[in-house]
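Visitor: sequence isn't available, so here's the structure alone:
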Ligand code: GDP
Ligand code: ZN
């Protein structure tokens, strides 16, 4: 399929137990025979596929042993890339893996581009495009729920659903095209009412998937959250309480450095990306210092506001105007310092002011109330309606690209429905149905262009 063999260091560089150099392509057997001397007998041609072999990596020019390794041998086509694949499991530390990589390059392989192994898997039919993207999501998953969604997609959950929806369009398209191609023939009439019902049913599923894109996005990327409130209400204390609450250290958002402007928090499985934590940490009281204008900028980029109030005193006029400036934005109001009081006097006024907000009493000092905050957020993330039963609970749209395709398909089908109702000629309806069919195919990659593929695989890391 490809005539070149690619190589990459597949593990993170640096000290570690093992470091893996991975190669894939037509010359894998040749390269392994040239630079690997097994402790026991055999060559790639005599070994069974998917076996491990102890041995030395040898520099052919001077016979020098570079490292003692385990070589994993996987014979195509039942491999990740569908080609012959070998992995050199070297001792960790960057020197051995770099030396092995250099030897493999000297044997004629070339360095793999980002995502190239996965791209070969896709082109070899081993994974479809949505599954290939899920590989990336599995690597970058932020929480257990995010991982579960990514693994579900990797196993083909989204792809199956899309394929099933496309399959339902097919008989309608076939019928219309027969009517166009053979107008003279005595074809059985298309049952218009039934067809409209069927299209509407497919469209309803699309709408439900689109609705779930918000949740999917949150699960994949975290919920962009701003902590707001007047000075001394306890914003910094809340940030610290949230940081203490999380048990696991979570990795950075890919592509961004940890610049202290954003902090990623796993609040009992709910991924929060807190914006402007630098302000909370160093300058303290960002609202006062950075001014309303700057605050509005942060807010414009956020999905959620955590508004902190001091429960031990009445709602202030400044707080009223702050709340009003948030408008309809998703908001949770935290009644902080609840360890000092047993109720909040202004609760009713608050509810009238922000009917859309959840109100959670809390103590940043003791951590009391954080469980309820997590519960409230979980309910918001997984906001589901009665149609939910239609789609599996663990199927979420996590990518804008997928969402865009679904929206377009939805539009095409709505147009087709209208056309059927108005008795439009089959030639025109066919165009819309074909449109829906094709944009849905972009999700799984059946109809994806080379540009789109380039763009998707460019975001992968090298060695994947
Ligand atoms: P910020 O200015 O909004 O960041 O507020 P801080 O987090 O700096 O807190 C202001 C003051 O309130 C500090 O003295 C905190 O110890 C105190 N404080 C914060 N949260 C609580 C709480 O839940 N209960 C009590 N009793 N005091 C708190
Ligand atoms: Zn503060």
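Guide: Looks like it arrived, so ask away. Because the structure is a prediction, the values reported are computed rather than measured. Numbers count the residues shown, from 1 in each chain. Ligands and ions are numbered 1, 2, ... in the order given.
Visitor: pLDDT score for residue 142?
Guide: Each residue has a pLDDT score; the one for residue 142 is 76.
Visitor: same thing with residue 163?
Guide: pLDDT recorded at residue 163 is 94.
Visitor: same question for residue 397.
Guide: Taking residue 397 on its own, its pLDDT is 85.
Visitor: looking at the stretch 51-200 of the chain, which residue is nearest ligand 2?
Guide: Sorted by distance to ligand 2 under CB to the ion, the residues of the stretch 51-200 of the chain start with residue 142, at 25.5 Å. All C-beta spots, glycine's among them, are computed from the backbone N, C-alpha and C.
Visitor: residue 332: what secondary structure?
Guide: Look at residue 332: counting by DSSP: H, G, I helix; E, B strand; the rest coil, its state is strand.
Visitor: how about the strands in the stretch 351-464 of the chain?
Guide: Read by DSSP state E, counting those that start in this stretch, the stretch 351-464 of the chain holds these strands, from start to end of the chain: 358-361.
Visitor: same question for the stretch 1-150 of the chain.
Guide: In chain order, the stretch 1-150 of the chain shows strands spanning 6-9, 18-24, 36-38, 51-58, 65-74, 85-91, 110-111, with DSSP E, counting those that start in this stretch as the criterion.
Visitor: and residue 119, which of those is closest to it?
Guide: strand 6-9 (9.9 Å; CB to CB).
Visitor: so how far is that closest one off the chain centroid?
Guide: Averaged C-alpha coordinates place strand 6-9 at 25 Å from its chain's average position (CA atoms, centre = their mean, to the nearest Å).
Visitor: cool, stretch 77-91 as well?
Guide: Per CA atoms, centre = their mean, the centroid offset for stretch 77-91 relative to its chain is 26 Å.
Visitor: now that stretch: mean pLDDT?
Guide: Averaging pLDDT along stretch 77-91 gives 94.
Visitor: residues of it that come out buried?
Guide: The neighbour-count criterion (16 or more other CB atoms under 10 Å) identifies 79, 80, 81, 82, 83, 84, 85, 86, 87, 88, 89, 90 as the buried residues of stretch 77-91.
Visitor: the last one reaches residue 67, doesn't it?
Guide: Yes - applying CB atoms under 8 Å, one finds residue 90 in contact with residue 67, separated by 4.9 Å.
Visitor: who touches both of these two?
Guide: Residues touching both residue 90 and residue 67 comprise 57, 96, 100, with contact defined as CB atoms under 8 Å, 6 or more residues apart in numbering.
Visitor: okay, and the single nearest residue of the chain relative to ligand 2 sits in which element?
Guide: Here the residue of the chain nearest ligand 2 is residue 236; by CB to the ion that distance is 3.1 Å. Here residue 236 is covered by helix 235-245, with elements defined by DSSP states H and E.
Visitor: so how far is that helix off the chain centroid?
Guide: 27 Å.
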